[in-house]
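Q: prediction below, plus the sequence it came from.
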Amino acid sequence: MAHSPTDAPGGSTAGRASRPFTKDVLHPQGADPNTPTLKKGLKNRHIQLIALGGAIGTGLFYGSSESITLAGPSILLAYVIGGLAIFMIVRALGEMSVEDPKAGAFSYYATRYWSKRAGFISGWNYWFNYILVSMVELSVVGSFVNYWFPNIPQWVSAAVFLVLIMALNLIGVSEFGEFEFWFALIKIVAVIAMIVGGLYVIVANVPTASGVRASFANWFDVGGGFFPHGLMQRSADGQWTGLLMALVVVMFSFGGTELIGITAGETADPRRTIPKATNGVIWRILVFYVAALGIIMAVVPWNTLDGTVSPFVQIFDSVGVRVAAGILNFVCLTAVMSVYNSGLYSNSRMLYSLARQHNAPAFLGKLSRRGVPVAGVLTSAVITAIAVVVVFVWPDFAFNYLMSIATISALINWTMVMVTQVKFRRCVAAGDGPGELKGLTGQEAIGKIQFKLPWASVMPYLVIAFLALVAVLMCFSPSYRVALVAGVIWLAVLFCAYAVVDRRSRKA
């Protein structure tokens, strides 16, 4: 790996202005015009559905009962609070993506506006996180297939879907966007159907299996009211519950919303599409989490949700749809495919961006004639396959330790996005902004930012403080406490890895 002037972390804005990363690394000056580039193949409808489906996964369909158990009906408030924080994180990313749309998004921005070390840590942290998430999704895909075909070994199902999604990503970005559009649409239709069905049960006063009349009053009249466990309290078995503890589960259910920023480098009209998709995040959270769970707890008493059956199945059963389990199984299968499809796409673009920053081997920065980072797709798929094998051979190790890193890496990523946004603004004010902002200084430059983060002078610090609170709350949960320890070790590994790579590049 050749030495680059960007090796020096931090530094003054004036020094940063001479770095190659102040130019468009995807189309550097003097490049051969015949050299393949990333294709602007994602249309507005692709971005809208990718953004919409990004936060809807099996965690909502099956895992929502866990968060409800922790906080009761006050989980709705937890989703609103956590949703506002995620919205501000995506807005911060959107501010940079509109002005400087690049593959790799926050990793590129961390390198460009913070330091090469920050870009290395951000990029590899995100890449490894999605490897682990993909690992889990592929390892459970067999259980959904076995619902209809019980004799097919689970590893066969995982292998088939891995090859199919890999092939899809190798074809081109527009094909990825099209398939992701339909994957997301299936999930969205399922949630809307549940909401409509639940409203029918409430309005028509349909008898329910629990014997409790379906009503929004159940939020306040069943199982101790709206705040059955208060803000935070310790139960008889020693477990901490309450609204604050539910925030931990809620925050990690929003993983994937940052995919909007990853797509910016291949979006046909990022200045129009990215703001529209980003601003829609908040109402998506309100509809697909707050409204959906609110309907569930109005129809099914929250204290009867034990996680053995999906709340969505119970809603469909309430309106007489007896094949609810089969429908949900199909929806969850498409959700798993959607997560892996998005994960492989974002990971290949992240490796491409890291290679262009000289933070990864150069071969990962090569594109096919269709504008696909083939090496990034294949490398990510192979590593994911190895990770899936680890799940089947050592499931306890994979889920207890590897998933702990995936859990904490989201906090690391979100925190770095907010810090990078602060650095971005400082560079813009100093005259080192991208594109049309280049050369403008002070408030004139800041005023030219098209898609501004609201209350940008204080919002990054408020969000970082909130994420720090979530990290502290993790200490009160045995499972998340492991994640916190793993996160500290993981950060140390990334710092050491960068030191080794940086030392070798300087000697090259």
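A: Received the coordinates, thanks.

Q: so for the one helix or strand residue 329 maps to, what gets flagged as buried?
A: Following DSSP states H and E, the helix or strand that holds residue 329 is helix 324-356. Using 16 or more other C-beta atoms under 10 Å as the test for burial, helix 324-356 gives 324-325, 328-356. All C-beta spots, glycine's among them, are computed from the backbone N, C-alpha and C.

Q: now stretch 477-489
A: For stretch 477-489, by 16+ other C-beta under 10 Å, it's 477, 480, 482-484, 486-487.

Q: over to stretch 278-285?
A: Result for stretch 278-285 [16+ other C-beta under 10 Å]: buried residues 278, 280-282, 284-285.

Q: ok, now stretch 98-115?
A: 98-115.

Q: likewise stretch 173-183?
A: For stretch 173-183, a neighbour-count test (16+ other C-beta under 10 Å) marks 173-181, 183 as buried.

Q: pLDDT of that stretch, averaged?
A: Averaging pLDDT along stretch 173-183 gives 86.

Q: one more: stretch 365-379?
A: On average, stretch 365-379 scores 92.

Q: one more: stretch 145-153?
A: The model assigns stretch 145-153 a mean pLDDT of 90.

Q: distance from the chain centre to the helix holding residue 329, please.
A: Here helix 324-356 is found 11 Å from its chain centre; the criterion is C-alpha atoms, centre = their mean, to the nearest Å.

Q: I'd like the next helix or strand past it.
A: helix 374-393.

Q: count of neighbours near residue 198?
A: Residue 198: 27 surrounding residues under other C-beta atoms under 10 Å.

Q: helix or strand: which one has it?
A: helix 173-203.

Q: got it, and residue 237?
A: Short version, using DSSP H and E: residue 237 is in no helix or strand.

Q: now the buried residues of stretch 278-285 as a markdown table including pLDDT and distance to residue 409?
A: As requested, the buried residues of stretch 278-285 are exported to a markdown table (pLDDT from 0 to 100; distance: C-beta to C-beta, whole Å):
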| residue | pLDDT | distance to residue 409 |
| --- | --- | --- |
| 278 | 86 | 22 |
| 280 | 81 | 25 |
| 281 | 77 | 20 |
| 282 | 78 | 24 |
| 284 | 78 | 23 |
| 285 | 78 | 21 |
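
Q: if we can go back for a sec, for the helix or strand just after the helix holding residue 198, packing partners?
A: With elements assigned by DSSP H and E, the helix or strand that comes after helix 173-203 is helix 218-221. On a contact count with 3 or more C-beta pairs under 8 Å, 6 or more residues apart in numbering; DSSP states H and E, helix 218-221 meets helix 292-299.

Q: for the helix it packs on, what is the average pLDDT?
A: 92.

Q: so residue 391 versus residue 153, what's the distance?
A: From residue 391 over to residue 153 the distance is 14 Å, taken as C-beta to C-beta, to the nearest Å.

Q: what about those two, which has more around it?
A: residue 391 (22 against 12).

Q: so the more buried one sits against residue 135, correct?
A: Yes: using C-beta atoms under 8 Å, residue 391 is in contact with residue 135, at 5.9 Å.

Q: overlap of the contact sets of those two?
A: residue 398 (C-beta atoms under 8 Å, 6 or more residues apart in numbering).

Q: phi, psi for the residue nearest to residue 410 when sequence neighbours are not counted please.
A: Nearest residue to residue 410, sequence neighbours excluded (C-beta to C-beta, 6 or more residues apart in numbering): residue 255, at 5.0 Å. Backbone torsions of residue 255, given as degrees, to the nearest 10, read phi -60, psi 130.

Q: one more: residue 42?
A: According to degrees, to the nearest 10, residue 42 has phi -90, psi 120.

Q: what about it, neighbour count?
A: Quick note: residue 42 (other C-beta under 10 Å) scores 25 neighbours.

Q: would you mind naming the residues that bridge with it?
A: For residue 42, the beta-bridge partners under DSSP bridges are residue 267.

Q: so it sits against residue 264, correct?
A: No: contact criterion C-beta under 8 Å: residue 42 and residue 264 do not qualify, at 9.2 Å.

Q: for the host helix or strand of residue 272, list every residue counted as buried.
A: Taking DSSP H and E as the definition, residue 272 sits inside helix 270-279. When burial is assessed from 16+ other C-beta under 10 Å, helix 270-279 yields the following buried residues: 270, 273-275, 277-278.

Q: do the same with stretch 361-381
A: 364-365, 367, 371-381.

Q: same question for stretch 298-311.
A: For stretch 298-311, burial by neighbour count (16+ other C-beta under 10 Å) applies to 298-302, 305, 309-311.

Q: quick check: the residue nearest the centre of the chain vs residue 56, distance?
A: Nearest to the mean C-alpha position of the chain, by C-alpha atoms, centre = their mean, lies residue 256 at 1.7 Å. Separation of residue 256 from residue 56 (C-beta to C-beta) stands at 9 Å.

Q: again, but for residue 101
A: Counting by C-beta to C-beta, the gap from residue 101 to residue 56 is 25 Å.

Q: check residue 177 too.
A: 17 Å.

Q: in this structure, where is pLDDT below threshold?
A: Along the chain, the model assigns pLDDT under 70 to residues 1-36, 51-55, 58, 210, 306-309, 318-320, 508.
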